[in-house]
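In: From the sequence below, what's the structure:
(one chain, ligands or ions: 1)
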Amino acid sequence: MHECCGIFGVYAPNEDVARLTFFALFALQHRGQESAGIATTDGKKLQVYTDMGLVSQVFNEDSLSQLSGDIAIGHTRYSTRGSSRIVNAQPLVVGRGSNAIAIAHNGNIINTEHLCEELSDQGYTFRTSTDTEVIANLILSSPEKNWVEKIRYAMHRLQGAYSLVIMTNNHLFGVRDPFGVRPLCLGSIDGSRVIASESCALDHIGASFIREIEPGEIVSITENGVDSYREETDRRALCIFEYIYFARPDSVINSRLLYSARLAMGEGLAEEHPVAADLVMGVPDSATAAGIGYSHRSNIPLGEGLLKNRYVGRTFIEPDQRIRDLGVKLKFNPLPLMLGGKRVVVVDDSIVRGTTTPKVVQLLKRAGAKEVHMRICAPPIRYPCFFGVDMATRWELIASQKTIPQVRDFIGADTLGHLSIDGLIKAVALPKNIFCLACFTGDYPIPVQLEMDKLALETMAQQGHPGIKPQ
Ligand code: SF4
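Out: Next up, the predicted model:
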């Protein structure tokens, strides 16, 4: 399960803005590992450097020293819409002269095709296959006179998830969609302003957190300071997976430290699904904190049963089917000394397709575990995500096709327990109505998404796709 991007922006005259952005992108690397890029402006023109790979592979002294200016934006990408190619790497620079913008996007726009057709009819051309270019051209196509109004025009037309940093020759903007699906925060460094997907990026560059950028808000940063423009929104829909898995445990979102939320998820799992066992372990790294929480609440000793090889990146695993099949073995090595003859509780963040979990269970059993009890922080995922999370289509989601006992048997565990939705909300300790829970409930914040899902299902059923019955 993958999220789609990390974004960062800084307005800091007289600072090395490219280098600040480079270090901030390091902290956001977990949000996307396919490509990275930085754009800067010196007030006269926009410059951009992007390439495929990790931040550390993309940039060196040479490339950073060519990026000068007072403002910078940066991006780390995992592609959900638009293939993983250099042309789709961000930031994108779109437009010309004083009408040019650089843009970096985290999210997924669902009415892209319609907007793309409309913009093409008006003569706009597209060189990438990303929804980000659609957003940029929509902003440029606006009849409004100033940038804030142009962005607002685009916001009224866009449907879906978008946290954005946008740069003109002399403005930096931070924009968050009206649902607030993806996080975005505002910080300060030596009197200058920064914008980041997560607060951990601020910590890394020595910036202090000021506040979240609110759903539906445009933050404008110029030499005159910071201005905010906001329209009230009816419904919020922050992706709950930011708390379960995506965001780093040292980030704070809505005043809640992710590490604490994950500890509480483990405690909730121990309360909802107790079991007699000898050892608790969290699948590293995303479920480490939840494993600790389970151990605290159950008084079952905590241990490490799997060691993670942190240097096996997605780009390495992807290209070769033989290596991809090895997958879990390359990523984890079990510790027979810890596992031999023991009843083990294994806490993990989620089960999506059910392709990885059986391999983990098998690895633990082969290493000598007598029993394996899977405990999962996410409730069963029964519906796909249209908000930019590369999850699976509905018929690929194991919980939409099988009951929990059937999933337990399929993954080869002795028992299986998911945290309930109420247990998850209790662990996060924030109001339920600020979250998107659509992949558990099917209650999509944007009705058209459900329609799209139904339509896709009907089409697949008509085509006789296995496992899909006409609704
Ligand atoms: S559907 Fe699930 S993964 Fe997608 S935004 Fe909503 S909570 Fe997040």
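
In: hey, C-alpha coordinates of stretch 153-164 in CSV?
Out: Taking Å, rounded to 0.1, in the frame of the first residue of the first chain, the C-alpha atoms of stretch 153-164 are listed here in CSV:
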residue,chain,number,x,y,z
TYR,A,153,-11.1,29.2,-9.4
ALA,A,154,-9.3,25.9,-9.9
MET,A,155,-10.3,24.7,-6.4
HIS,A,156,-14.0,25.2,-7.3
ARG,A,157,-13.5,23.0,-10.4
LEU,A,158,-11.3,20.2,-8.9
GLN,A,159,-12.7,17.1,-7.3
GLY,A,160,-10.5,14.9,-5.2
ALA,A,161,-7.5,15.2,-3.0
TYR,A,162,-4.8,17.8,-3.3
SER,A,163,-2.3,19.3,-1.0
LEU,A,164,-0.2,21.6,-3.1
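
In: in it, what's buried?
Out: Within stretch 153-164, the residues that count as buried by 16 or more other C-beta atoms under 10 Å are 153, 154, 155, 157, 158, 159, 160, 161, 162, 163, 164. Glycine gets a C-beta too; all of them are placed from N, C-alpha and C.

In: Could you do stretch 240-255 as well?
Out: 240-249, 251-254.

In: gap between the two ends of that stretch?
Out: With C-alpha to C-alpha, to the nearest Å as the measure, stretch 240-255 spans 15 Å from end to end.

In: for the ligand, what are the nearby residues on the stretch 151-300 of the chain?
Out: 181, 239, 240, 241 (C-beta under 6 Å from any ligand atom).

In: hmm, 8 Å instead?
Out: 161, 181, 237, 239, 240, 241, 242 (C-beta under 8 Å from any ligand atom).

In: any chance of those residues in a markdown table, plus pLDDT?
Out: Shown next, in a markdown table, are those (pLDDT from 0 to 100):
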| residue | pLDDT |
| --- | --- |
| 161 | 93 |
| 181 | 95 |
| 237 | 96 |
| 239 | 96 |
| 240 | 97 |
| 241 | 95 |
| 242 | 96 |
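
In: So which of these are in strands?
Out: Judged by DSSP state E, those include 161, 239 as members of strands.

In: Farthest-apart pair in the residues of the stretch 151-300 of the chain next to the ligand, please.
Out: 161 and 240 (13.3 Å; C-beta to C-beta).

In: Sketch out the helices for the stretch 351-471 of the chain, chain order is fine.
Out: Assigned helices in the stretch 351-471 of the chain, in chain order: 357-366, 398-401, 404-411, 421-428, 438-441, 447-462 (criterion: DSSP state H, counting those that start in this stretch).

In: you'd agree residue 112 is up against residue 129?
Out: No: applying C-beta atoms under 8 Å as the test, residue 112 and residue 129 come out as separate, 9.7 Å apart.

In: Neighbour count: the two, which is higher?
Out: A side-by-side neighbour count of residue 112 and residue 129, using other C-beta atoms under 10 Å, places residue 112 first with 21 against 15.

In: Run through the stretch 301-450 of the chain and note the low-pLDDT ranges.
Out: 311-327, 388, 390, 392, 447-450 (pLDDT under 70).

In: what does it put close to the ligand?
Out: The stretch 301-450 of the chain comes close to the ligand at residues 381, 383-389, 391, 435-440, 444-445, as judged by C-beta under 8 Å from any ligand atom.

In: and with 6 Å instead?
Out: So the stretch 301-450 of the chain meets the ligand at 385, 387, 389, 436, 437, 438, 439 (C-beta under 6 Å from any ligand atom).

In: okay, now the third one: neighbour count?
Out: Burial measure for residue 389: 25 neighbouring residues, criterion other C-beta under 10 Å.

In: now it: how far from residue 411?
Out: 21 Å (C-beta to C-beta, to the nearest Å).

In: Surely residue 220 is in contact with residue 149?
Out: No: counting by C-beta under 8 Å, residue 220 does not reach residue 149; the two are 11.1 Å apart.

In: So for the two, which residue has more residues nearby?
Out: More crowded of residue 220 and residue 149, by other C-beta under 10 Å: residue 220, with 21 against 14.

In: Is that one in a helix, a strand, or coil?
Out: With DSSP: H, G, I helix; E, B strand; the rest coil as the basis, residue 220 sits in strand.

In: And for residue 33?
Out: Following three-state DSSP, we place residue 33 in the coil state.

In: The closest residue to residue 425 other than its chain neighbours: how many residues sit nearby?
Out: In space, residue 425 comes closest to residue 432 once its chain neighbours are excluded; the distance is 4.8 Å by C-beta to C-beta, 6 or more residues apart in numbering. Residues lying near residue 432 (other C-beta under 10 Å) number 13.

In: Hmm, residue 432 is touching residue 426, no?
Out: No: between residue 432 and residue 426 there is no contact under C-beta under 8 Å: 9.6 Å.

In: what about the residue nearest to residue 425, distance to the ligand?
Out: Counting by C-beta to the nearest ligand atom, to the nearest Å, the gap between residue 432 and the ligand amounts to 12 Å.

In: Same check on residue 307?
Out: For residue 307 relative to the ligand (C-beta to the nearest ligand atom), the value is 29 Å.
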